[in-house]
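Engineer: Next come a sequence and a model predicted from it.
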Amino acid sequence: MAGAHVAQAQLSVRDLTVRFPTGRGTVQAVNGVTFDLARGASLGIVGESGSGKSVTAKTLMNLLPRTAEVSGDVIFEGEDVRQLAEQGREHFWGVKMTMVFQDPMTSLNPVKKCGEQIAETLRYHLKRAKKTALAEAEDLLAQVGIPEPGKRVDQYPHELSGGLRQRVVIAMALACEPSLLIADEPTTAVDVTVQKHLLDLLDTLRRDRGMSMILITHDLGVARGRCDEIAVMYAGRLVERAAPQTLFGDSRHPYTDALLRSIPRIDQPSHTRLEPIPGRPPELINPPEQCAYAPRCRFAQADCLESIPQISGVAGMHEFACFHPANTDRGREALAANLALGRTAAGLEITGSGGSS
Amino acid sequence: MAGSGHAPLREDLDVLLSVRDLEVEFPVGKGAVVHAVSSISFDVAEGETLGIVGESGCGKSTVAKSIIRLNDIKGGTVDYQGHDLARLKGEELRRLRPDLQMIFQDPISSLNPRRKIRQVISEGLAVWGAERGSWSQSRIEELMLSVGIDPKFGDRRAHQFSGGQCQRIGIARALALDPKVLICDEPVSALDVSVQAQVLNLLEDMKKRYGLTLLFISHDLSVVKNVSDRIIVMYLGKACEIGNANELYEHPRHPYTRALLAAVPEPAPTVDVSEGDISGELPSPINPPVGCRFNTRCSHATEVCFTEEPAMQRVGDSDHYFACHHPVAVSINA
Amino acid sequence: MSDADANDGTSAVEPVTIDDGMVDDGMVDHAVGKKLGVGFWIAVGWLGVLVATVLFAPYLPFNDPDKLAAGPARTGPSLDNWVGTAALGRDGLARAGSGARGALGGGVRAERAAGPARTGPSLDNWFGTDALGRDVFARTVYGARVSLVVGFIAIAFGMVVGGSLGLVAGYFRGRVDQVISFVFFTLLSFPGLILALLITSTFDRTLRTVSLTLGVLAVAPVGRLARAATLVFAEREFVQAARVIGAKHFRIMTRELLPVVLIPMAALALLGMGVAIVAEGGLAFLQLSVEDISWGVIINDGRGIRDLQENPHVALMPIGVMFLTILALNFAGDRVREYFDVRETAF
């Protein structure tokens, strides 16, 4: 469960930083991300587009373009993942650590039968014989809940619905019995009822196989029900990390707090006024040395504009990166001061309604 | 009579838009047709927000685009202030267009990449001239201000704005013509979560300010509930359930509505999570099931569901209608 | 809904929605890191120098391209073909140029024009001289007039006619599209070179005829591109939005679709101009092009076996210039396409 100690961590990411040089400057896609994942645990990484959540996953999977400048450590089961890449260990990714993408068609070859594609994975990584591989493929399709697997092995991806396709991709990811599955927005392209099935499936498979999972999503609700721990990312940084109950019930980072308030909830009566987050996510090119959320934050004080708050707190319990955290005395003071002024230190005009109190 | 029936049509209200037995088909070659919308009836009262919710392929967007006549309509009527929008053509239709405006799903694709946003917003006024309010710089600036775009950026083009800003520009364009009805087709689903609330609030503000009637289409049950007074749940081209937003979510009768409410990541407290496990795949809209269209996936289905199409019936005398032979928690006083 | 209401409402708008600072410094630019590149500017530079040289040729200290043109055009019977044709075939722009040339060069022509025949490149004759002792450099410069004008008019004709047809076909689809597409297919199936040969041998060989013949050949490729681009963009929501607003078809086509379709068309136009110039060269090679100096004509002059073996510069120099020009056109066209494609895919 949540309180995993560093010693028994299966995956340990330290100070991961990813930059992309572009014509207009360096994009600071990921900044000093640090986390541990215990064996068999599931971690949700939540953030908006540009938050760095997908880049983090791609770094783990060694899928970044060559232009990316990466620093920091990624240790998986005692091995330095970033060195594996240099040693050309291609049987690591896809075997021990695999990934499921948002769009199943990125992983599927449109002109090959589903069974063949799974069998190919098995033959390539595990050197299975052709016949055994095909039999195993059918078995895998059955395991991911595809009806009539015997028929499906001979179908092409375009003959399947979006939900079934994603199941085929999951089957392919599971073929080599990975110990870590990274799912990058696996259900964003499908309907809610299909989403529920897929998430249930991932849950079951994870428990049955003792596999760990990193679930990357923009949907706090999805992460809430499916993860032991949730990490919130904003502008390339990890801003808060806690177990779901803590995060949803007692959030500390003003971004998490505001996000939870801005999303319409199904149990609220209709026409409940939402409390939107003003502005929009910042550019990642040459950001100023300040808290990236400060311009949108109701709590922002002068110190938020002077330096970048580092993530701190009880490791594995509740960590956050904020000088004036919400739901604390310090935060309440900051907000009260801002409300009295009518504006924050970053110049954002705020009023009494809404926000954390 | 096809399933929905006219029960949910209200006579006692100031109805602005009344859709009866709307039927839309798309040919897909070899004589086959997709039955995108089959005999759906509903109405929208003036000043009301009607939400249409359902999964992909249910026909919710087709309903919207048919009302605004971006699709051809095969059957039924769409009554708007005495005009049947389903039958209007050419110039007659064009004359009515400004009254019904639309906000599109993809905010960036809905703006011409080559035109300055000031031109985009003033296009309606440029087309209609004095007929729909005066074309003036100050009117355009006022519109831009009211949707939260600084007029000093009027000379920029769409690619220089974020998705949320583009959606605001799209809203300003629609409002420029002083419409009566605003049709919003998934207006926030392409936006980042932290920006969605801004646009939803903006729509609510604009509705009050300009006295709009809204038709709000979304797959997101929470979003639809938040903005709507009344909601239609659609499945495979048909309406399953229609009712007051709060009432519908609190006492869902149709098994499909319940399944939807149970399948969302944070399910409504009124349903059992296990109800979200509807089995099977969405049937083909080319050959929809006979009887109740949900019969292939419904755990309550009996023989009658495969032979007889359920008619819309009212729950007591409340504003709540459903089309099901075996509704959950039956208490019909009809 | 009245103006008064609207004004009152302004103050009620959520303050959160206005965010000058963020909009200001946070503008998204999808073209980040996309530049036309040095190569594009070199190509454009070459084309610019070429056009400028051609326009101002009469005022520049170049040799006379016609050598013996000092006398009346049809002097010696042996030269009748060359000099005589030069006087006859001029038309439009080229004629204006030739007038200026005559006026300016008249006096000096006798002394400096005629050089010895078939000399290699030298300081006096940069590209050498041809069989009749004419300066190949000067002929290349004056030949560029015809070649560029043919290329330009041909592609402009193709753009206007083909572009309009393609736009209409792509926008209305259905019957209209079927008819127009059929026309395009017919044009494409017609052997282009034979059509050109037929026209130039049946009618006259004026600049207008040659340009329009090549223009007709450009209609189908340009039109099909315009149609394909229109089909793509007509599906975009901004076109639906224009319909919802109540814009008429003509307005949607000209205001919404034309500006976006014009970009891929412009890229094709640059490429097409190159093709037209080559085609004109081909016609000239068959002695069926304009009866004036064009690149094709000059190359044709130098194509004799003996010439190619002993004085390759007569043909190779103009070929080199033509090659560079077409390379520049193709390169510029390709860069334009690439540059804008990336932007378009962002939508």
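Structural biologist: Perfect, thanks for sending it. Residues are numbered from 1 along each chain as shown, chains lettered A, B, ... in the order given.

Engineer: ok, and does stretch C:237-246 reach over to chain B?
Structural biologist: Yes: using C-beta under 8 Å from any C-beta of the partner chain, we find that stretch C:237-246 touches chain B at C:Glu237, C:Phe238, C:Gln240, C:Ala241, C:Ala242, C:Arg243, C:Val244, C:Ile245, C:Gly246. Glycine gets a C-beta too; all of them are placed from N, C-alpha and C.

Engineer: ok, now which ones touch C:Ala328?
Structural biologist: Taking C-beta atoms under 8 Å, 6 or more residues apart in numbering or on different chains, we find C:Ala328 in contact with C:Ile42, C:Ala43, C:Val44, C:Trp46, C:Leu47.

Engineer: check contacts around the residue nearest to it when sequence neighbours are not counted.
Structural biologist: Closest residue to C:Ala328 apart from its sequence neighbours, by C-beta to C-beta, 6 or more residues apart in numbering or on different chains: C:Ala43 at 3.9 Å. For C:Ala43, the contact set (C-beta under 8 Å, 6+ apart) comprises C:Leu327, C:Ala328, C:Leu329, C:Phe331, C:Ala332, C:Arg335.

Engineer: could those residues go into TSV alongside secondary structure, pLDDT and distance to C:Ile277?
Structural biologist: Formatted as TSV, those follow (DSSP: H, G, I helix; E, B strand; the rest coil; pLDDT from 0 to 100; distance: C-beta to C-beta, whole Å):
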residue	secondary structure	pLDDT	distance to C:Ile277
C:Leu327	helix	89	11
C:Ala328	helix	87	11
C:Leu329	helix	87	8
C:Phe331	helix	85	14
C:Ala332	helix	85	14
C:Arg335	helix	81	19
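
Engineer: Closest to chain A out of the residues of stretch C:237-246 next to chain B?
Structural biologist: Lowest distance from chain A to these (C-beta to the nearest C-beta) belongs to C:Glu237, with 19.4 Å.

Engineer: Pull up the gap between C:Asn330 and chain A, please.
Structural biologist: 25 Å (C-beta to the nearest C-beta, to the nearest Å).

Engineer: A helix includes that residue, no?
Structural biologist: Yes: assessed with DSSP: H, G, I helix; E, B strand; the rest coil, C:Asn330 lies in a helix.

Engineer: Report the residue spans of chain B with pLDDT below the cut-off.
Structural biologist: B:1-4, B:12, B:130-135, B:330-334 (pLDDT under 70).

Engineer: Which single residue of it ends up nearest chain C?
Structural biologist: B:Gly148 (2.7 Å).

Engineer: That residue reaches B:Ile169, doesn't it?
Structural biologist: No: the criterion here is C-beta atoms under 8 Å, and B:Gly148 misses it with B:Ile169 at 10.0 Å.

Engineer: element containing A:Gly313?
Structural biologist: Here A:Gly313 sits within strand A:312-314, counting by DSSP states H and E.

Engineer: which residues are there in the stretch 151-300 of chain A that come within reach of chain B?
Structural biologist: A:161, A:163-164, A:191-193, A:195-197, A:199-200, A:218-222, A:224-225, A:258-259, A:262-278, A:280-281, A:296.

Engineer: out of these, which are buried?
Structural biologist: Neighbour-count burial (16 or more other C-beta atoms under 10 Å in any protein chain shown) applied to these gives A:163-164, A:191-193, A:195-197, A:199, A:218-222, A:224-225, A:258-259, A:262-266, A:268, A:270, A:274-278, A:280-281, A:296.

Engineer: just those that are near chain C?
Structural biologist: Within these, those near chain C by C-beta under 8 Å from any C-beta are A:Pro276, A:Ile277, A:Pro278, A:Arg280.

Engineer: Just the contacts of C:Ala328: which are in helices?
Structural biologist: C:Ile42, C:Ala43, C:Val44, C:Trp46, C:Leu47 (DSSP state H).
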